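A.B. asks: the sequence and its predicted three-dimensional model are supplied below.
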Amino acid sequence: MMRGFLMSRRNMLIGAAGLLLTAMLTIWGCGGGGTSYDNPASNAVVTTTTTQSGNALVTAAELKAWIDEGKVNAAYGSYDRVVILDVTSNAADGTNVYTTTGHIPGAQLISAGSSAFMDNTRAEGPMNITGSMVCTGATMDELIQSKGIDQHTTVVITSSTNTINMTRAYATLRYWGFPKNRIKVLQGGNASWTAAGYTFTTAVPTIKRSTHCVTPNGSSNVNTEMRVSLGEMINYVKSVIAGNANKVVVLDTIRPATHITSTTDLLESGYTVFEGAMKGSYRYPYANVVTSGLNFKDAATLKTDLSAAIGTDGVTALTDGGRDAAKTFIAVCRAGNAASVVYFALDGIAYYDSNVDIKWYDGSYGQWNLLASSDHLALNGTNAGGKLAVGSIWDTTSLMDNLTWTKDITPARTVVNYGNRVFTVEPSFAEGNQVETEDKAYRSAGGGATGGSASGGGC
């Protein structure tokens, strides 16, 4: 009798474990496909390499091996299948580099470059419209489905033009819940392909549309931990001023050696209300994270450069001690683009396997430097151009070092009139994270577990 009881208990435990495993396997399936990023099917491609190793960089030689093994645009459900996104913007003369110069075999073009991964209509904090913010779930669904990305895909990002196109895509995929080990950036971009002796093609691949989505199984995988909302950024800077008990380091990726930058408005012709630097921030130029072209520095060099980052006084360096004590790094810039380069360099290379939090403030100075109440005066005695309510909790002017009103800068700059982009009644901090609230609530309209045309039922 006791043996029967023990066998029954054992069977119950095995059954429970089986149910848990089944649940885990459906996390990244869209509609209950039974497999996931970490547990894909292996019914189409059997290979000797893995795409889930090292850091977030992939070399031309590694990518060539994946192509030769049939991983690129492989059948849905295949183990370690790969999709290559070429985010080369069209050349200034209108020439489409992808079709004229050519591209890596199997690569798919996103000709809008970094613009494909941002949105100019999103509300956040006291602003009913903010430019260059992270794109919506609907935009991401259309992108990943049209490019044939399913729940077993490793996405390789490349470009012929600039790092921003690649890293903005990386940061956006990370925000929308794609696992870090399933996103790769080609070291050196497209130039590295020909430098390695491989040839381009002008053939455009035929892609079967997938039905994968960013809200698998009716859930939301939006990674709110890596993105810093406006309210969170305000609180981070306040905590730095108060003694920085949480060991946060804000990295200004665009500030020149002088504190006077050129922050144009993200949506209209004109400049922001003020310039300067977030209190306690350090200058860490995004252009310095590469050695040449689109080749990123290694982890050790990136960390050495971090130690040498200079504070807002133009003298004091972060030092090795400050760097190693940091628990969180936040990358900021003007429009989230340059910040995405530094975000990638730290998240994807320097701190790839680390407990250090790497964060991205996509609103950046294009948003931050508008946040002045309407009663501020420039030194020349004129109204500074702020449009927030007097006494606004969103006013960031007290959080700036080297604060300079744009109307005091010579030669003269026109401050944008953004009054129509401010809520009549400002939200509280609790209500002011509209982007992430909307994204966490987003549910895809259709889709199934693998490829094919979308059908009802939701993801």
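C.D. replies: Perfect, thanks for sending it.
A.B. asks: what's the first-to-last distance across stretch 310-324?
C.D. replies: Counting by CA to CA, to the nearest Å, you get 16 Å between the two ends of stretch 310-324.
A.B. asks: outside of that stretch, which residues touch it?
C.D. replies: Defining contact as CB atoms under 8 Å, 6 or more residues apart in numbering, one finds that stretch 310-324 is touched by 249, 257, 259, 277-283, 303, 306-309, 401-402. For glycine as for every other residue, the C-beta is placed from the backbone atoms N, C-alpha and C.
A.B. asks: what do you get if the cut-off is 10 Å, keeping everything else the same?
C.D. replies: Under the contact criterion CB atoms under 10 Å, 6 or more residues apart in numbering, stretch 310-324 has outside partners 244, 247, 249-252, 255, 257-259, 276-284, 303-309, 325-326, 329, 350, 356, 400-402.
A.B. asks: can you give me phi and psi for the closest residue in space to residue 318 that isn't next to it in sequence?
C.D. replies: Leaving aside its sequence neighbours, residue 318 sits nearest to residue 309 (CB to CB, 6 or more residues apart in numbering; 4.5 Å). As for residue 309, its main-chain torsions (degrees, to the nearest 10) stand at phi -60, psi 140.
A.B. asks: on that earlier part again, any quick PyMOL command for the buried ones out of the contacts of stretch 310-324?
C.D. replies: Selection of buried members from those for PyMOL, criterion 16 or more other CB atoms under 10 Å:
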select buried, resi 244+249+250+251+252+255+259+276+277+278+279+280+281+282+283+284+303+305+306+309+326+329+350+356+400+402
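A.B. asks: helices - which of the contacts of stretch 310-324 land there?
C.D. replies: Using DSSP state H, the subset of the contacts of stretch 310-324 located in helices is 303-307, 325.
A.B. asks: farthest-separated two in the residues you listed?
C.D. replies: 305 and 325 (16.9 Å; CB to CB).
A.B. asks: ok now stretch 275-290, how far from the chain's centre?
C.D. replies: 18 Å (CA atoms, centre = their mean, to the nearest Å).
A.B. asks: same question for stretch 367-386.
C.D. replies: That offset, for stretch 367-386, works out to 31 Å (CA atoms, centre = their mean).
A.B. asks: going by neighbour count, list what's buried in it.
C.D. replies: With burial defined by 16+ other CB under 10 Å, the residues of stretch 367-386 counted as buried are 367-374, 376, 378, 384-386.
A.B. asks: where in this protein is pLDDT low?
C.D. replies: 1-53, 446-459 (pLDDT under 70).
A.B. asks: mind redoing it with 80?
C.D. replies: Where the chain drops to pLDDT under 80, the residues are 1-53, 79, 91-94, 217-218, 258-260, 445-459.
A.B. asks: the residue nearest to the spatial centre of it in helix, strand or coil?
C.D. replies: Central residue of the chain (CA atoms, centre = their mean): residue 171, 1.6 Å from the mean position. Three-state call for residue 171 (DSSP: H, G, I helix; E, B strand; the rest coil): helix.
A.B. asks: correct me if wrong: it contacts residue 226.
C.D. replies: Yes - at 7.7 Å, residue 171 and residue 226 qualify as touching, with contact defined as CB atoms under 10 Å.
A.B. asks: so what's residue 290 up against?
C.D. replies: Here residue 290 is in contact with 162-163, 188, 296-297, 341, 345 (CB under 10 Å, 6+ apart).
A.B. asks: scratch that, residue 85 is what I was asking about
C.D. replies: The contact partners of residue 85, by CB under 10 Å, 6+ apart, come to 107-110, 116, 143-144, 147, 149, 155-159, 165-166, 169, 173, 183.
A.B. asks: overlap of the contact sets of residue 171 and residue 226?
C.D. replies: Common neighbours of residue 171 and residue 226 (CB under 10 Å, 6+ apart) are 343, 347, 358, 360.
A.B. asks: switch these over to CSV; also include neighbour count.
C.D. replies: Output for the shared contacts of residue 171 and residue 226, formatted as CSV (neighbours: other CB atoms under 10 Å):
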residue, neighbour count
343, 31
347, 28
358, 24
360, 31
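A.B. asks: could you dump the residues you listed to CSV with distance to residue 423 and secondary structure?
C.D. replies: Converted to CSV, those look like this (distance: CB to CB, whole Å; DSSP: H, G, I helix; E, B strand; the rest coil):
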residue, distance to residue 423, secondary structure
343, 29, helix
347, 33, helix
358, 31, strand
360, 25, strand
